[in-house]
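Colleague: Provided below are the primary sequence and the corresponding predicted coordinates.
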Amino acid sequence: MKRFSLAAALCAMAFAAAAQQPAPAAPPPPPAFAPSNLTVPGVRALAANCAACHGTEGKSAPGSSVAALAGRSAAEIADIMAQFKEGKRQATVMHQIAKGYSEPEIHAIAQYFSRLPR
Amino acid sequence: MERFSNSRRRFLEASAAGVALGLTGCASTPPPGPKGGRVAIIGGGYGGATAAKYIRMLDSSIEVVLIEPNEVFVSCPMSNMVLGGFLTMNDITTPYTALAQRHGVRIVRDMATAIDMEKKQVRLAKGDPVAFDRLIVSPGIDFMWEALPAMGSAEAQSQVLHAWKAGPQTAALRRQLEAMPDGGTYVLSMPEAPYRCPPGPYERACQVAAYFKARKPRSKVILLDANPDVTSKGPLFKKAWADLYKGIIEYRPNSKATDVDVRGSTVKLEFGDVRGAVLNVLPPMKAGAIAAPFITANNRWCAIDWLTYESKAVKGVHILGDSLLPGPLMPKSATMANGQGKACAAAVVALMQGQPPNNSPTLVNTCYSMVSDKLAIHVASVHKYDGGDGQMKTVPGSGGVSAAMNETEGAYTMNWARNIWADTLG
């Protein structure tokens, strides 16, 4: 009896496992990103991500051909970013990075750099 | 609660180890005096140096003490180009002087040996303890030598190099390659993911092959990958190997090293051994030793709160860089550590000013790899904070890799290096 119930239990477990297996893993839920932080420190933090390639506070290092961002017009920066985001402008990396930012974020970053000294 | 007491016990052990290293009980630096408080930072790599600079930029009333044993910063990114013979050690070296002179960071050239959270002090190998209000720990990686028993001795480690922390080992490995007679084999062994710099070993194979192609055309590169396939930019690297280094690079997946026969110059695998004239073995990696009390994942990595960068094990300690348990698809890279340094700096400044930290942080990663002296490829990603589960996740539709290896990105790679070195240290 004991042996039987063990076998039955194993059987039940095997069935449970089999029942679970065919069901494909549900895709993970889409990310629930926190709303953009467009306060002064929030925008400064967003813009700081650009510095690794474009230089601290948008000032490209001497000898670097990566575009400096400080002191350029906000409209120009926002327009170029929109073209990257829509795939309308030739790029190596920026078309992939621009897609990570929302339009309000792009405008806020553009404003931020436009106010910095060249 | 249990996790806390565990981590606390581990912390005390780490402290005891620090004491056992022969530290004298000399007078500590005076308790934090500056108006804005004092932040101590352990480790002047891409994470710690960036955090130091940005804290001072955001609030110059906060005193920042950066504890770093090395006199100068030697960059891991671009160091494979030194192995290829296309850059010199001088090209990848930056002094710490601008951090001190331009940003007022106090640099203590010493090794942190223990952290005393009760006294809020970092103990040092040579100097007096450094007191802090908040602590940032950014020690990078350490090697799990126990995975390769024969590599445990200092003698073995001086013969079979990793060169995975740029510096003297980079120069020494280059000398080994230069001394190798033509017709020899260079064997590079890499561990299972996660490890520092996912594309780094594949780039290194390219750089050494470029050197052989030009100067030692009968020589070979064997890349022993513990992973089942190339872990980063796979199709791009495979195309570079086929187009540029056919007959030079041999790639062997599922080839996990179990030990090294140092005298026999042989890497031992689960199935079979591979002999080479020059061995370059990357052991499995974990968080730097000083971060041991804060390890929470797989006995290797430190989990944090992504809003504050505070350790999940101990409050008041912030961790960043390669020691972290990363978010999904987040590499242990220089750009990532630099971005984490800024996000952590902003959070620490906010907390010290009694303000809430940024509730919506974003991180961007760009990793370039030089597949020859002029051609490069990249991978990029954008990560945002998901308030639901507290993870940093990639933004759908963003990121990607190069369409093909090209010279434009080769030029951008060096320019990226100049700017990130300036952003981290300038």
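Modeller: All right, it came through fine.
Colleague: ok, the residue of chain A found nearest chain B - contacts?
Modeller: Nearest residue of chain A to chain B: residue A:100, at 2.5 Å (Cβ to the nearest Cβ). (C-beta placed from N, C-alpha, C; glycine too.) Neighbouring residues of residue A:100 by Cβ atoms under 8 Å, 6 or more residues apart in numbering or on different chains: B:362, B:364, B:381, B:382, B:384, B:395, B:398, B:399.
Colleague: which SSE is the residue lying closest to it once chain neighbours are set aside in?
Modeller: Ranked by Cβ to Cβ, 6 or more residues apart in numbering or on different chains and with sequence neighbours excluded, the top spatial neighbour of residue A:100 is residue B:382, at 2.5 Å. Assigned by DSSP states H and E, residue B:382 belongs to strand B:376-386.
Colleague: Just the CA coordinates for stretch B:133-153, please, in PDB.
Modeller: Written as PDB, here are the backbone C-alpha positions of stretch B:133-153 (Å, rounded to 0.1, in the frame of the first residue of the first chain):
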ATOM      1  CA  ASP B 133      29.400  59.800   6.600                       C
ATOM      2  CA  ARG B 134      28.700  57.800   3.500                       C
ATOM      3  CA  LEU B 135      30.800  55.200   1.700                       C
ATOM      4  CA  ILE B 136      31.000  54.200  -2.000                       C
ATOM      5  CA  VAL B 137      32.600  50.900  -2.700                       C
ATOM      6  CA  SER B 138      33.800  50.400  -6.300                       C
ATOM      7  CA  PRO B 139      36.700  47.900  -6.200                       C
ATOM      8  CA  GLY B 140      36.100  46.200  -9.600                       C
ATOM      9  CA  ILE B 141      36.600  42.400  -9.800                       C
ATOM     10  CA  ASP B 142      38.700  39.800  -8.100                       C
ATOM     11  CA  PHE B 143      39.700  36.400  -9.500                       C
ATOM     12  CA  MET B 144      38.300  33.100  -8.200                       C
ATOM     13  CA  TRP B 145      41.700  31.300  -8.300                       C
ATOM     14  CA  GLU B 146      40.100  28.300  -6.500                       C
ATOM     15  CA  ALA B 147      38.600  27.400  -9.900                       C
ATOM     16  CA  LEU B 148      42.100  26.700 -11.200                       C
ATOM     17  CA  PRO B 149      44.000  25.000  -8.300                       C
ATOM     18  CA  ALA B 150      47.500  25.200  -9.700                       C
ATOM     19  CA  MET B 151      47.100  28.900 -10.300                       C
ATOM     20  CA  GLY B 152      46.800  29.600  -6.600                       C
ATOM     21  CA  SER B 153      50.500  30.500  -6.100                       C
END
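Colleague: For residue 113, what are phi and psi?
Modeller: No chain was given, so I picked chain A. The phi/psi pair for residue A:113 (degrees, to the nearest 10) reads phi -70, psi -30.
Colleague: Chain B was what I was after
Modeller: Dihedral angles (degrees, to the nearest 10) for residue B:113: phi -110, psi -20.
Colleague: Could you list the residues of chain A in contact with chain B?
Modeller: A:30-37, A:41-42, A:44-46, A:48-56, A:60-66, A:92-93, A:96-97, A:99-101 (Cβ under 8 Å from any Cβ of the partner chain).
Colleague: go again using 6 Å as the cut-off
Modeller: Contact residues (Cβ under 6 Å from any Cβ of the partner chain) of chain A with chain B: A:31-34, A:36-37, A:42, A:45-46, A:48-49, A:51-53, A:55-56, A:61, A:63-66, A:92-93, A:96-97, A:99-100.
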